[in-house]
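*Asks:* Predicted model, plus sequence, below.
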Amino acid sequence: MEAILQAFGSALQLNVILMMILGAVVGIVFGAIPGLTYSMGIILVLPLTFNLDPLAAITLLLGVYVGGMTGGSVSAIILGIPGTPSAAATCLDGHRLAKEGKAGKALGTAVLSATIGGLISVVILVVVAPIIAKFALKFGPAEIFALVFFGFSAIAGISSGKVIKGLISGMIGLLVMTMGMDPVMGVKRYTFGSINLLGGVDVLSFMIGMFAIPQIVEAFATDESGIKRKLDTNVSMAFPTIKEIKALSGTILKSALIGVGIGAIPGTGGPIAAFLGYDQAKRKACSDEPSLECVAGPEAAHNGVTGGALIPMLTLGIPGDPATAILLGALLIHGLKPGPLLFQENSGFVYGIYATLFIINILVFSIQSFGIRFFVKVLDFKKSYLYTTIMVLCVIGAYSSHNNMFDVFTMFAAGLIGFFMQKYGFPVAPTILALVLGPTMEDSFRRALILSQGNFMTFISSPISIVFYAFTVFVLLSQVRRKKKTKKA
């Protein structure tokens, strides 16, 4: 107890609090602008940490990390353009709620759910970090393949009742994902002689194009008054009522635990957690209508990743995602080596991280809550100006990903594909899901076969794998059952 009080005393120093605020604001901004991810924000502020003490330095980076996780929901809900890959799941129902005049309620639900998910992840990080880290080490390539395979079962839930078209949409994502260099053999695949495709298709640029371009085309194809009626209907800041929070509590808790579990497994990350959180929320809602549960689920899940991803980084020195890889580098720069010895030799610093992470989640909640009243005012702008600005920001975001104009062309090509997919009733979300999960799935599949010398039995030889396959079958059967009930109704 004394160690915890000392940790909060260190976290509440003026210089540390200022770093929290700066990091949170930078993270929210970078998360909200499509293409400018929180990972990019962490890289940009990293040089500022060189002359800071270790706790203030890591606090600044953690602020960007947590703020960026929640920032992506702002553009996803208001404009239908996810700021980060994780926010693509929030976009599915969040923007539909905004079109119904519930943008404020959707944003309030997203911020509240993300904060609760983040706080739950901090508590689990403090209490059971070493235990979860040991369990996460049992995940080899075959187990990760089974986990990602289970993630693909979400296609059935995010296809809005169009399962066949959803599967076709997912196949399009897998085909696009295969472009570039083979991750194992190092040979070219579907590059068509283009040097720019050697590195594969940039997921961020493709995602921005598929979500943003169809929205912009639709906006300019509709007169100003038509767009006004579609979006701007009594928008105001609103959090869920006590009754709604009680109804959402189960979804938030389950999704947060999913996020912590996914985050603790190296090589997974926020998008997988967000789509799994959305899938379980959608199954609970049992309706194709947009709901607050389907906003709360993905937000709680991908913010739960923040604490989960720190578990293997702090206890084992293994980063769970790109953001924690940068955090790991920052720790090494300040002479701190993550691992079991960190808890013995620098326990005060570790408890300081716990305290700052707890405070940062509350701080991000406060900033987002205050900012919602300004975020929703975006809908009051003249739509021709708004969507022209969005187009410019999308081009900047796509270009800044790798400072390459080819990514801008990729964005427009993806936008064209997305436009025709939506026109003919093909859901876009499964394509993004396949793009996000595909590389991890392929890499795990190939590595598992190499390690087992081509023995396919390796995929069902582990109890962990069997459990995930069982979950997959359960989810698919529940979707079939739900479809039959809908037809009878």
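*Replies:* The structure has been received and is ready for your questions.
*Asks:* OK, contacts around the residue nearest to residue 187 when sequence neighbours are not counted?
*Replies:* Of all residues not flanking residue 187 in the chain, residue 181 sits nearest, at 7.2 Å (C-beta to C-beta, 6 or more residues apart in numbering). Backbone N, C-alpha and C define where each C-beta goes, glycine included. Shown in contact with residue 181 (C-beta atoms under 8 Å, 6 or more residues apart in numbering): 187, 188, 189, 198, 199, 200.
*Asks:* how many neighbours does residue 293 have?
*Replies:* 25 (other C-beta atoms under 10 Å).
*Asks:* Could you report the distance from the residue positioned nearest the centre of the chain to residue 403?
*Replies:* In the chain, the centroid-proximal residue (C-alpha atoms, centre = their mean) is residue 86; its distance is 2.0 Å. Between residue 86 and residue 403 the computed distance is 23 Å (C-beta to C-beta, to the nearest Å).
*Asks:* again, but for residue 433
*Replies:* Counting by C-beta to C-beta, the gap from residue 433 to residue 403 is 27 Å.
*Asks:* Compare these two and say which is more crowded by neighbours.
*Replies:* Comparing residue 433 with residue 403 by neighbour count (other C-beta under 10 Å), the higher total belongs to residue 433, at 29 against 7.
*Asks:* secondary structure element for the more buried one?
*Replies:* Using DSSP states H and E, residue 433 falls within helix 429-451.
*Asks:* So what touches stretch 344-356?
*Replies:* Counting by C-beta under 8 Å, 6+ apart, 3-4, 6-8, 10-11, 16, 20, 54-55, 58-59, 62, 122, 125-126, 310, 314, 336, 342-343 sit against stretch 344-356.
*Asks:* Out of these, which sit inside helices?
*Replies:* 3-4, 6-8, 10-11, 16, 20, 54-55, 58-59, 62, 122, 125-126, 310, 314, 342-343 (DSSP state H).
*Asks:* Quick one: buried ones out of those?
*Replies:* 7, 10-11, 16, 20, 54-55, 58-59, 62, 122, 125-126, 310, 314, 342-343 (16 or more other C-beta atoms under 10 Å).
*Asks:* Poorly predicted segments of the stretch 151-300 of the chain, please.
*Replies:* Residue ranges of the stretch 151-300 of the chain with pLDDT under 70: 154-161, 222-237, 266-269, 285-287.
*Asks:* at 80 what do you get?
*Replies:* Within the stretch 151-300 of the chain, the stretches with pLDDT under 80 are 151-163, 183-186, 203-204, 207-208, 211-212, 215, 218-238, 264-271, 283-289.
*Asks:* Phi and psi next, for residue 192.
*Replies:* phi 50, psi 30 (degrees, to the nearest 10).
*Asks:* again, but for residue 188
*Replies:* phi -80, psi 140.
*Asks:* What separation is there between it and residue 447?
*Replies:* 20 Å.
*Asks:* again with residue 70
*Replies:* 33 Å.
*Asks:* For those two, indicate the residue with more neighbours.
*Replies:* A count of neighbours by other C-beta under 10 Å puts residue 70 above the other of residue 70 and residue 447, at 35 against 17.
*Asks:* State whether that one is indeed within a strand.
*Replies:* No. When classified by DSSP: H, G, I helix; E, B strand; the rest coil, residue 70 is found to be helix rather than part of a strand.
*Asks:* need the contact list for it.
*Replies:* 27, 28, 31, 110, 111, 114, 115, 299, 303, 364, 368.
*Asks:* Nearest to residue 204 among those residues?
*Replies:* residue 31 (12.3 Å; C-beta to C-beta).
*Asks:* Now the phi/psi pair for the closest one, please.
*Replies:* The phi/psi pair for residue 31 (degrees, to the nearest 10) is phi -70, psi -30.
*Asks:* Check it and give its pLDDT.
*Replies:* pLDDT, residue 31: 79.
*Asks:* hang on, isn't it packed against residue 84?
*Replies:* Yes. The pair residue 31 and residue 84 qualifies as a contact (C-beta atoms under 8 Å) at a distance of 5.5 Å.
*Asks:* ok, now how distant is the residue nearest to residue 292 when sequence neighbours are not counted from residue 103?
*Replies:* The shortest distance from residue 292 to any non-neighbouring residue, by C-beta to C-beta, 6+ apart, is to residue 109 (4.7 Å). Here residue 109 is placed at a distance of 11 Å from residue 103 (C-beta to C-beta).
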